[in-house]
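# what would the 3D arrangement of this be:
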Amino acid sequence: MAAAELEYESVLCVKPDVNVYRIPPRTSNRGYRASDWKLDHPDWTGRLRVTSKGKTAYIKLEDKVSGELFAQAPIDQYPGIAVETVTDSSRYFVIRIQDGTGRSAFIGIGFTDRGDAFDFNVSLQDHFKWVKQESEISKESQEADTRPKLDLGFKEGQTIKLNIGNMTTKKGGAAKPRVSGSGGLSLLPPPPGGKIAVPPIPPPSSTAIANHVTPPPVLKSSNMSSADILLDLDAPASASKAPVSATTDLWGDFSTASSAVPNQAPQQSNWVQF
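Next comes the predicted model:
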């Protein structure tokens with residue numbers, strides 16, 4: 001009773017012009033023919049409204065001006081006995097009307113415009129398609145309730161173990177961080193025991209070799225001191241080198257070296273006198 005009170009009536013289709021005809025009784029199972037009706041002289045003209053309440057649809061014939069109900073045809077299924085199409089036209093139908101006392105009669109209805117007849121037909125098809133889908137959904141839900149439910153809960157004492165990366169573990173401690181490269185990419189650390197290759201040292205350039213001065217080889221002699229070596233650098237290669245005692249005056253060697261140069265007049269040295 002409560003479910004019936006919650007149902008509301010919705011309007012599916014409204015057509016302002018519809019003609020109603022009295023039809024002769026059907027003598028065979030070949031169907032109704034609109035050509036047997038008096039199409040030029042309809043018995044009633046008014047407005048058609050298709051409504052639904054729950055799973056039942058209603059075809060209501062009403063007055064155009066006052067909206068007074070002329071006849072009503074409840075429809076439980078479509079296509080069915082409550083609404084039938086004629087065999088010779090798509091604009092005419094046969095419907096079964098009922099009154100409050102349970103009496104019923106079959107009348108013919110027709111539309112002047114073929115588009116109105118199409119809309120009337122589609123509105124009934126869409127409603128009962130929805131009714132069929134609702135019935136299938138309710139049936140599936142009932143079957144799901146009867147099936148044994150799957151218990152996915154934890155049993156008493158049952159535990160689970162999750163392995164998540166970069167988290168502290170019980171055995172190995174904290175996980176090793178990954179080495180980040182220059183491009184922001186995460187690189188794996190080298191394997192244990194591996195050696196990292198050292199980049200080779202580039203060879204010296206030709207400019208550095210040219211600027212480098214190699215000192216002359218030092219003759220290992222017990223009779224020559226470091227001062228004699230410096231004096232030999234200034235002396236010409238053709239001059240003969242006389243052995244000089246280690247006790248000779250350092251400043252006197254300059255005058256000796258200058259006097260040994262050929263084609264050069266001897267000059268009196270002031271360093272000896274000093």
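
# now do the helices in the stretch 1-150 of the chain.
For the stretch 1-150 of the chain, the helices defined by DSSP state H, counting those that start in this stretch cover 2-6, 114-146.

# how about those helices in JSON lines, adding mean neighbour count?
Using the backbone N, CA and C atoms, a C-beta is placed for each residue, glycine as well. What follows is the helices of the stretch 1-150 of the chain, written out as JSON lines (neighbours: other C-beta atoms under 10 Å):
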{"stretch": "helix 2-6", "mean neighbour count": "7"}
{"stretch": "helix 114-146", "mean neighbour count": "13"}
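
# tell me, which of those is the model least confident about?
Here the helices of the stretch 1-150 of the chain differ in mean pLDDT, and the lowest is helix 2-6 at a mean of 54.

# what's the end-to-end length of stretch 27-34?
Distance across stretch 27-34, first residue to last, is 14 Å (C-alpha to C-alpha, to the nearest Å).

# neighbouring contacts of it?
23, 26, 84, 86, 87, 88, 89, 91, 92, 94, 108, 110 (C-beta atoms under 8 Å, 6 or more residues apart in numbering).

# where does the stretch 1-150 of the chain have low pLDDT?
The model of the stretch 1-150 of the chain has pLDDT under 70 over residues 1-6, 145.

# and if we set it to 90?
1-9, 24-32, 35-36, 38, 54, 67, 77-81, 88, 99-103, 134-150 (pLDDT under 90).

# can you give me the strands in it?
Ranges of strands within the stretch 1-150 of the chain are 9-21, 44-53, 56-62, 69-75, 83-85, 92-98, 104-110, based on DSSP state E, counting those that start in this stretch.

# residue 128 is nearest to which of those strands?
strand 56-62 (7.4 Å; C-beta to C-beta).

# residue contacts, the nearest residue to residue 119 once chain neighbours are set aside?
Leaving aside its chain neighbours, residue 119 sits nearest to residue 13 (5.7 Å; criterion: C-beta to C-beta, 6 or more residues apart in numbering). When contacts are counted by C-beta under 8 Å, 6+ apart, residue 13 touches 48, 49, 50, 119, 120, 123.

# follow-up on the earlier one: dump the helices of the stretch 1-150 of the chain into JSON lines; add distance to residue 159 as well.
Shown next, in JSON lines, are these (distance: least, C-beta to C-beta, whole Å):
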{"stretch": "helix 2-6", "distance to residue 159": "48"}
{"stretch": "helix 114-146", "distance to residue 159": "31"}
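
# hmm, back to that, can I get the strands of the stretch 1-150 of the chain in CSV including distance to residue 144?
Compiled in CSV, the strands of the stretch 1-150 of the chain are given as follows (distance: least, C-beta to C-beta, whole Å):
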stretch, distance to residue 144
strand 9-21, 29
strand 44-53, 28
strand 56-62, 27
strand 69-75, 31
strand 83-85, 35
strand 92-98, 38
strand 104-110, 40
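
# which one of the ones you listed lies closest to residue 130?
Short answer: strand 44-53, nearest of the strands of the stretch 1-150 of the chain by C-beta to C-beta, at 8.9 Å.

# which residues touch that closest one?
7-20, 57-64, 67, 70, 109, 120, 123-124, 127.

# who does the residue nearest to residue 119 bridge with?
With DSSP bridges as the criterion, residue 13 is bridged to residue 50.

# roughly how far does it sit from residue 56?
15 Å (C-beta to C-beta, to the nearest Å).

# next one: residue 130
From residue 130 to residue 56 the distance is 12 Å (C-beta to C-beta).

# now residue 85
Counting by C-beta to C-beta, the gap from residue 85 to residue 56 is 20 Å.

# out of the two, which sits in the busier spot?
Neighbours were counted for residue 85 and for residue 56 using other C-beta atoms under 10 Å; residue 85 has more, 17 against 14.

# residues contacting the more buried one?
Counting by C-beta under 8 Å, 6+ apart, residue 85 has contacts 79, 92, 93, 94, 121.

# one more: residue 96?
By C-beta under 8 Å, 6+ apart, the contact set of residue 96 is 73, 81, 82, 83, 104, 105, 106.
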